[in-house]
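> sequence-free structure coming up:
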């Protein structure tokens, strides 16, 4: 079971994990042992509340396919168990990130000092450029 919050839990039956061979260099061991974990979680068929499902499907994340399946590949560690924990932790972070509500930005006016600094820098830059002009005799 994957604990999302104190009320929301994802059962192991909804998470499909398979062991695959890791990519990259690693010597003889990498060619024999399947230590990487390929995790698949179908959002539509999960037992998550409707709000979570909607927000997850709205996310613009490359790990979420068009069919609504979260695909995570964990291959950072040399042991299969550590990669399994890493994949589950990433899934948990994705689902938790949906609940955090973003504050709306309050538009503010620039301060007087910032306006003055901006105009002073523009004047200074203009003076530098005017000294580069061709001198007329």
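Perfect, I can see it now. Bear in mind the structure is a predicted one, so any value in this text is a computation, not a measurement.
> C-alpha from now on. contacts and neighbour counts both.
Fine.
> so, low pLDDT: which residues of this structure?
The model of the chain has pLDDT under 70 over residues 26-31, 137.
> all helices for it, in order.
Ranges of helices within the chain are 50-58, 80-99, 112-130, based on DSSP state H.
> got CSV for these, with distance to residue 24 too?
Below are the helices of the chain laid out as CSV (distance: least, CA to CA, whole Å):
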stretch, distance to residue 24
helix 50-58, 31
helix 80-99, 16
helix 112-130, 51
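> could you dump the ones you listed to CSV with mean neighbour count?
What follows is these, written out as CSV (neighbours: other CA atoms under 10 Å):
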stretch, mean neighbour count
helix 50-58, 15
helix 80-99, 17
helix 112-130, 11
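> find the centremost residue of this structure, please.
Taking CA atoms, centre = their mean, the centroid of the chain lies closest to residue 61, which sits 7.0 Å from it.
> and the gap between it and residue 55?
Applying CA to CA, to the nearest Å, the value for residue 61 to residue 55 is 12 Å.
> same question, residue 40
With CA to CA as the criterion, residue 40 and residue 55 are 18 Å apart.
> next one: residue 135
65 Å.
> same thing with residue 117?
In this view, residue 117 and residue 55 are 43 Å apart by CA to CA.
> nice, that's everything, thank you.
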